[in-house]
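[1] The following comprises the amino acid sequence and a computationally predicted model.
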Amino acid sequence: MQEAASASGSVSSRITLYPHLQAKPLPKTRKGKGPLGGLQVRALKDKQSKEISRPLPVELAERVEKLTEVAANLEATMDPPTFTEEELQLLYQDIICEPSPGPLKQETSTIELNEQLANDAVLVDAAYHRLQEQLVSESDLEDSPFIRALRANTPSMTQPFPTIDFATHSQPHRTLLAQVEAFLRRVDPSTSTLSIPVVVMSIEEWQALIRISLHSNDIKGAEECLVLMKRTGIPITAEAVTDIIYYHANNADIAETERIINTYMTGPATDRQQHLHVRAHLRATPPNTIPESALAVLHAYEAKSNPPAMNTYTSVITTLFSVRDSIANAQAWDLYTHMRYVAHPTPDPFLYTVMIRACASPTFSSRVAEPERALDLWTEMTVDHNMRPTVATYNAVILACARSGTKTYINEGFRLAKEMIESHKDANGVPTYVPDQQTFCALLEGAKRIGDLNRTRWILAKIGNVMMENRSPDTSINEEVMMHAFHTYASYNPPFKRELAPLSDVAKEDHQPAPSFTSTSPTDTKSNTKARAPALESISFAHIAPQSRGEVLAEVDILFHRSISEPARELFNTVFEKAGVERSARSYKEALERCLYAPKRDREDALVFARELFAEYSSYDISGKEVVNARTIEQVHTAFIRLLAITKNEREASERVKAFVAKYPPAALRQPDPKPAMRSTRTSLFAARPLVRMSSIVEVPDSHVPPMLLFNDLDVLHHRFVHIGDTAGIAYIKYVCKAYEWALRVRRDETFRSKPLVAQSASEPREEDEQNL
């Protein structure tokens, strides 16, 4: 009774705690159904379990055994699998494999060249033995039977002739040429050309002898081979002539190249010969000069309805882009359009890459880059013509988008980089396109223009991972990468987010000042470096981006300390001697501009250093070691004049302006350079210039304007004269600025009115029906 009461008490206490959850009795259901009307699962009866555990009947067991035997017989009669799992995996890899990169093709061509030289040596050696035997047999016919029998029984004559040692013999081909000449003198010593063709050597042996001669740098011996081929009546092949033209073209010998073409060519020039002919003119052109003679030869072949191959146009276009001149770059785009109109409508991937890369640095346009044109060429290549891009193509289009400075195109560049890595993988999921140094630098170009520090830090980390994994040997954190990183820190605007800001007990940290131009002693420099080194080495980069300007400066200080730990002035005086290079005009310009933007406390020291720099630059300019760009000359003088004006040296700054005007007078700007004949805009269907142009005369700027000074360059000096009340100085500054402005207007008007020069006669290939000399 007590136990029942306690049990009922416990149940009642549990239920009263939750009256709304008080248990209710389940309703009664029909037999075989659950409480809610569903089917109720019954437990397995012992009788049923006993029935399952019973053995199968005899007939059923026999049937199962027969079915097993039939299945075994069928499996035995079936053919085994054609491929194993490993073979299927290799087949799958071959189906989706990526093409080999460019360097592998270069290695293969080098191997083939070595094999060809080895085969040529074998052919020349065999021809040498054969001619030697013929000469000996012919000499036997002139002797008596006794002498012939004596020579036949001589042991030395029965032994094989020694082979030509190509390793020690200086000119092994000369021995074979001497044998051929001796053989021809015995056949017919009276005439230079045989009336009946005499086959001394096969065409393959002649070509091998020519290649051996060129390999030995014996161009006269190679040309003697052509003379002997012509004398014996052997047709001179285009391949033999091409090998000799290749030698002259690489040596930039235009006269010999055209002499070989006009003397030994019997038919129209092949694509290879045309390419070598144009290459000779390109290599003979001085650096940073428009190759007008190469363009004339190119258009001369077009006039004969025999346009050169696409690689010839590509070489000329690449040379034009390498010239830092607006006319040359505009001519390159015009030649590209002209090629698609008259010769090759569809460019190859390499030419597309060259043109997309040119969109990243258009020198004939006022914009920094042309991402729209680059993306149009990219779409035309990959979508319209279904061409497979290369890593260089991706780098070119990413750089064009990055240099635009627009966030939309920069994000498009990062999207293309992601596509390059993730959309091209092999069967094992490994990316086939590995980003190289140019890829990372192009991405850094875009990140620094929008101040995206997070992406810059991510790119630096990726470069470190690539260096550790050694996936790209050329990838490293060099001076270009660090330059882009510092530019990003300079343009970064810290977006303070309180929830991301790191907690610190220190209210304010001491910050070291920027590097100055003060000439500190070596002991002070070393002590300062040693004092800062432990503090900087103990600091590490946080996972999040800097949230304040102090954190940005701290990170930049760490990076700069790890790269350079010397004052700027001492570094400029020693870095060139340590590197073994000479200072250029740009190095003086950068140093003078650094002096101009020095802190106020260091202006006096910066002025002393700037005077030394300007004196060295004046001596460098007089020496003529470098053709200094006009804009660089302006920037050097402008930086020095501004620094003099800031430091209240108005008289000295005015003297520098007068010296500049005396050396570069405004009258020199009035007359523009003559307009080249290739820049003629007259409509024509037949001319030695591009018939279809992509640029007009208005879009091409004048890159040959002499140095000048405008008001933006002299505004600081003008303000100083206004402050001190120097009316004469104000009037002179105004006169100088207006004189250069008016001369620039006259130059512009004369440029629009100028007419192209008459095209000079260029060296053209001879007519197809021209007789051989």
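    That came through fine. Treat the numbers as computed from the prediction; the structure is a model and nothing was measured.

[2] If you count neighbours, what's buried in stretch 437-457?
    Neighbour-count burial for stretch 437-457 flags 437-453, 455-457 (criterion: 16 or more other CB atoms under 10 Å). For the C-beta atoms, the positions are set from N, CA and C on the backbone; glycine is no exception.

[3] Same check on stretch 708-721?
    For stretch 708-721, burial by neighbour count (16+ other CB under 10 Å) applies to 708, 709, 713, 714, 716, 717, 718, 720, 721.

[4] Okay, and which of those map to helices?
    Among the buried residues of stretch 708-721, the subset assigned to helices under DSSP state H consists of 713, 714, 716, 717, 718, 720, 721.

[5] Next one: residue 279 relative to residue 268, how far apart?
    Residue 279 sits at a distance of 18 Å from residue 268 (criterion: CB to CB, to the nearest Å).

[6] neighbour count winner among those two?
    residue 279 (22 against 15; other CB atoms under 10 Å).

[7] element containing the closest residue in space to that one that isn't next to it in sequence?
    Spatial nearest neighbour of residue 279, chain neighbours left out: residue 249 (4.7 Å); criterion: CB to CB, 6 or more residues apart in numbering. Following DSSP states H and E, the helix or strand that holds residue 249 is helix 238-250.

[8] Could you do residue 552 as well?
    Applying DSSP H and E as the criterion places residue 552 in helix 549-563.

[9] Next secondary structure after the one helix or strand in the chain whose mean pLDDT sits lowest?
    When the helices and strands of the chain are scored by mean pLDDT, DSSP states H and E, helix 155-158 comes last with a mean of 39. Proceeding N to C from helix 155-158, the next assigned helix or strand is helix 172-187, under DSSP H and E.

[10] coming back round to it: any chance of the buried residues of stretch 708-721 in JSON lines, with pLDDT and distance to residue 320 too?
    Rendered in JSON lines, the data for the buried residues of stretch 708-721 read as follows (pLDDT from 0 to 100; distance: CB to CB, whole Å):
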{"residue": "708", "pLDDT": "94", "distance to residue 320": "27"}
{"residue": "709", "pLDDT": "94", "distance to residue 320": "32"}
{"residue": "713", "pLDDT": "93", "distance to residue 320": "32"}
{"residue": "714", "pLDDT": "94", "distance to residue 320": "36"}
{"residue": "716", "pLDDT": "94", "distance to residue 320": "40"}
{"residue": "717", "pLDDT": "94", "distance to residue 320": "40"}
{"residue": "718", "pLDDT": "94", "distance to residue 320": "41"}
{"residue": "720", "pLDDT": "93", "distance to residue 320": "45"}
{"residue": "721", "pLDDT": "94", "distance to residue 320": "46"}
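
[11] for the residue most central in space within the chain, helix, strand, or coil?
    Compute the mean C-alpha point of the chain, and by CA atoms, centre = their mean the closest residue is residue 392, 5.8 Å away. State at residue 392, reduced to three classes by DSSP: H, G, I helix; E, B strand; the rest coil: helix.

[12] Please identify which helix or strand holds the closest residue to it other than its chain neighbours.
    Nearest non-adjacent residue to residue 392, counting by CB to CB, 6+ apart: residue 353, 5.1 Å away. For residue 353, the enclosing helix or strand under DSSP H and E is helix 349-359.

[13] can you give me how far that helix is from the chain middle?
    Chain-centre distance of helix 349-359: 10 Å, with CA atoms, centre = their mean, to the nearest Å.

[14] which residues are contacting it?
    310, 313-314, 317-318, 321, 329, 332-333, 336, 347, 369-371, 373-374, 377-378, 380-381, 387-390, 392-393, 395-397, 399-400 (CB atoms under 8 Å, 6 or more residues apart in numbering).

[15] quick one: low-confidence ranges for the stretch 551-700 of the chain?
    Where the stretch 551-700 of the chain drops to pLDDT under 70, the residues are 559-568, 683, 685.

[16] Mind doing that once more with 50?
    Along the stretch 551-700 of the chain, segments meeting pLDDT under 50 span 565.

[17] No more questions from me, cheers.
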